[in-house]
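# everything below, folded, please.
(4 chains)
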Protein chains: 2
Amino acid sequence: MAKENKQKYHHGDLRTALINATIEMINQQGVSSITMRNLSEWVGVSRTAAYRHFDDKSALLTATAIEGFRQFSEALRVARLDESKDEITRFRMMGQAYINFAIENAAYYRLMFGDTVIQENEKLRATCDDAFRELLMIIELLQEVKAICCDDPKNQAIYIWSLMHGLSSLVIDNKLQADVELKELMVFIDHQIHKSLSD
Amino acid sequence: MAKENKQKYHHGDLRTALINATIEMINQQGVSSITMRNLSEWVGVSRTAAYRHFDDKSALLTATAIEGFRQFSEALRVARLDESKDEITRFRMMGQAYINFAIENAAYYRLMFGDTVIQENEKLRATCDDAFRELLMIIELLQEVKAICCDDPKNQAIYIWSLMHGLSSLVIDNKLQADVELKELMVFIDHQIHKSLSD
DNA sequence: CACTTAATGTTGACACGGTCTACTTAAAGA
DNA sequence: TCTTTAAGTAGACCGTGTCAACATTAAGTG
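Next up is the predicted model:
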């Protein structure tokens, strides 16, 4: 009874609907395509309805970015916790998961890491830190099992993060030369990582 | 005689003036502050004058990004060609120059690497490749003098670029935790690079 | 259950910004 | 000097973010 697809005056959960619509739209047409008006129409609500849930457009985008970091962390976590694999393999899979997320959700990823959003937002900060912590945890695990050397794990995690973020960004923003083979490149980088993190 | 600061009907070199104004404005207030109208006023010209030199706003931004890559390449080149230093030191200085440029020109850097600009633009592609080639050349030099191992230099250059770009982006977009000491971090990363590129 | 209140949505209005069109000015060439 | 064309201007239009005032309904209270 609760849910009817007939248009009721009250939407039910407009907030999440708007965020989901933003995600979908952003991945299909990029951030610049997102308009409060488009979005509202998509969700089937009047143009200013969103303002009951978000201070302004950038607050909506920020909320969307937060949701992005949640999904992102989740993707990393899944790889990290795959008990059927050994630690090194899981680490490698996390790297793959990272790049995959960025490529499959290019505009979404850009939004998350870009400056369109409200940088000072606490939740954004927190969910972003969560994602970072996924990297940190696998690093710590690798240290525990003596798979990598015992430098400061935080530094190691930032190093890996920079590498992954840089590579992902260059790829999705089309900065690498056309003849670069991503797969081959990944193998190379994987190799560099293991050299640099080993004793 | 040629130059008079009195306002003449014809500006003289509006194109460059607009690009310079964009650079200044972007570094002071960010991309979002840039409007054709602001810009025109800043340069002392009517709101649509820019359209005699650029197809539209994104063409202007693209031209600005191209100029950005020129300056960026130049900054890298200066470090690369500093003959008073040995090769490894020059390599290290290029890394420092990279990060410095990004930090001192955060919004400008974002514009260059972001998707606001017209990605398909040939000149942009070319000047971006020039910057990449700076990295490639120092890598090749390092190989010549046997300072690093002889893997595919292009892969090595992309690896370094990813690392630098990722780190710069994380820093300027404020994604690293507040307690991270950039200087100390740079030392660590420098160390990782040398480990990974050595034989 | 009737009544009040707060939450949620709607419409109208406004200002800002990108950009098209038609017009003006002046530089350059014939 | 006359013509052509590059460079600049003003007006107008439409899309967009967002405020204010109003409408509807859910929720809470006696």
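
# how much space between the spatially most central residue of chain A and A:L111?
The C-alpha lying nearest the average C-alpha coordinate of chain A belongs to A:F72 (CA atoms, centre = their mean; 3.9 Å). Remark: distance between A:F72 and A:L111 (CB to CB, to the nearest Å) = 11 Å. Placement of C-beta: from N, CA and C, glycine included.

# before we move on, the earlier item: the residue nearest to the centre of chain A reaches A:F132, doesn't it?
No: using CB atoms under 8 Å, A:F72 makes no contact with A:F132, being 10.5 Å away.

# so which residues on chain A come close to chain B?
A:30, A:107, A:110, A:113-115, A:119, A:128-129, A:132, A:151-152, A:154-155, A:158-159, A:161-167, A:169-170, A:173-177, A:180, A:184-185, A:188-189, A:192-193, A:195-197 (CB under 8 Å from any CB of the partner chain).

# just the buried subset of those, please.
A:107, A:110, A:113-115, A:128, A:132, A:151, A:154-155, A:158-159, A:161-167, A:169-170, A:173, A:175-176, A:185, A:188-189, A:192-193, A:196-197 (16 or more other CB atoms under 10 Å in any protein chain shown).

# please narrow those residues to those residing in helices.
A:107, A:110, A:113, A:128, A:132, A:154-155, A:158-159, A:161-167, A:169-170, A:185, A:188-189, A:192-193, A:196-197 (DSSP state H).

# let me see the contact set for the closest residue to chain B within chain A.
Using CB to the nearest CB, the single residue of chain A nearest to chain B is A:G166, 2.7 Å away. The contact partners of A:G166, taken as CB atoms under 8 Å, 6 or more residues apart in numbering or on different chains, are B:161-167, B:169.

# would you reformat the residues you listed as a markdown table and include pLDDT and distance to DNA strand C?
Converted to a markdown table, the contacts of A:G166 look like this (pLDDT from 0 to 100; distance: CB to the nearest atom of the strand, whole Å):
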| residue | pLDDT | distance to DNA strand C |
| --- | --- | --- |
| B:W161 | 98 | 31 |
| B:S162 | 98 | 32 |
| B:L163 | 98 | 35 |
| B:M164 | 98 | 31 |
| B:H165 | 98 | 27 |
| B:G166 | 98 | 30 |
| B:L167 | 98 | 31 |
| B:S169 | 98 | 25 |
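
# and chain A, which residues reach DNA strand D?
Neighbours of DNA strand D within chain A, by CB under 7 Å from any atom of the strand: A:8-10, A:34-38, A:47-48, A:51, A:56-58.

# of the residues you listed, which is the most crowded?
A:I34 (22 neighbours; other CB atoms under 10 Å in any protein chain shown).

# the residue nearest to the centre of chain A is in what secondary structure piece?
helix A:57-80 (DSSP states H and E).

# quick one: the very next helix or strand once past that helix to helix A:106-113, angle?
Downstream of helix A:57-80, the next assigned helix or strand under DSSP H and E is helix A:87-104. Helix A:87-104 runs at 110 degrees relative to helix A:106-113, counting by axes from the mean of the first three to the mean of the last three CA atoms, to 10 degrees.

# taking the mean pLDDT, what do you get for helix A:87-104?
Helix A:87-104 comes out with an average pLDDT of 98.

# show me which positions of it end up buried.
A:87, A:90-95, A:97-99, A:101-102.

# work out the gap between that helix and the centre of the chain.
12 Å (CA atoms, centre = their mean, to the nearest Å).

# what is that helix packed up against?
Here helix A:87-104 touches helix A:57-80, helix A:122-144, helix A:153-172, helix A:182-197, going by 3 or more CB pairs under 8 Å, 6 or more residues apart in numbering or on different chains; DSSP states H and E.

# start to end distance for stretch A:149-158?
15 Å (CA to CA, to the nearest Å).

# ditto for stretch A:112-128
9 Å.

# identify the residues contacting it?
With CB under 8 Å, 6+ apart, stretch A:112-128 has contacts from A:31, A:58-59, A:61-62, A:65-66, A:68-70, A:72-73, A:111, A:165, A:169, B:30, B:107, B:110, B:114, B:169-170, B:173-175.

# run the last query once more with 7 Å
Stretch A:112-128 has contacts (CB atoms under 7 Å, 6 or more residues apart in numbering or on different chains) with A:31, A:58-59, A:61-62, A:65-66, A:68-70, A:73, A:111, A:165, B:110, B:169, B:173-175.

# with adjacent residues omitted, what lies nearest to A:D151?
B:F188 (7.2 Å; CB to CB, 6 or more residues apart in numbering or on different chains).

# confidence score at the one you found?
Value for B:F188, per-residue pLDDT: 98.

# wait, it sits on A:N155?
Yes: with contacts counted by CB atoms under 7 Å, B:F188 reaches A:N155, the gap being 4.4 Å.

# what residues do the two have in common as contacts?
With CB under 7 Å, 6+ apart, B:F188 and A:N155 have no common neighbours.

# what sits against the closest residue to A:E140 other than its chain neighbours?
Spatial nearest neighbour of A:E140, chain neighbours left out: A:P153 (5.1 Å); criterion: CB to CB, 6+ apart. Residues near A:P153 by CB under 7 Å, 6+ apart: A:136, A:139-140, A:143.

# same thing but at 10 Å, please
The contact partners of A:P153, by CB atoms under 10 Å, 6 or more residues apart in numbering or on different chains, come to A:135-143.

# which one of those sits closest to B:N20?
A:L135 (40.6 Å; CB to CB).

# isn't that closest one right up against A:A157?
Yes: using CB atoms under 10 Å, A:L135 makes contact with A:A157 at a distance of 4.5 Å.

# please say which of these two ends up with more neighbours.
A:L135 (24 against 19).

# mind giving me the domain ranges of chain A?
Domain assignment for chain A by automatic domain parsing gives A:11-53, A:68-197.

# nearest to B:N20, out of those domains?
Per CB to CB, nearest to B:N20 of the domains of chain A: domain A:68-197, 22.3 Å.

# ends of that closest one, how far apart?
Rule used - CA to CA; the end-to-end distance of domain A:68-197 is 29 Å.

# and that domain, how far from the chain's centre?
10 Å.

# A:L185 contacts A:L167, doesn't it?
Yes: the criterion here is CB under 10 Å, and A:L185 meets it with A:L167 at 7.9 Å.

# all set now, cheers.
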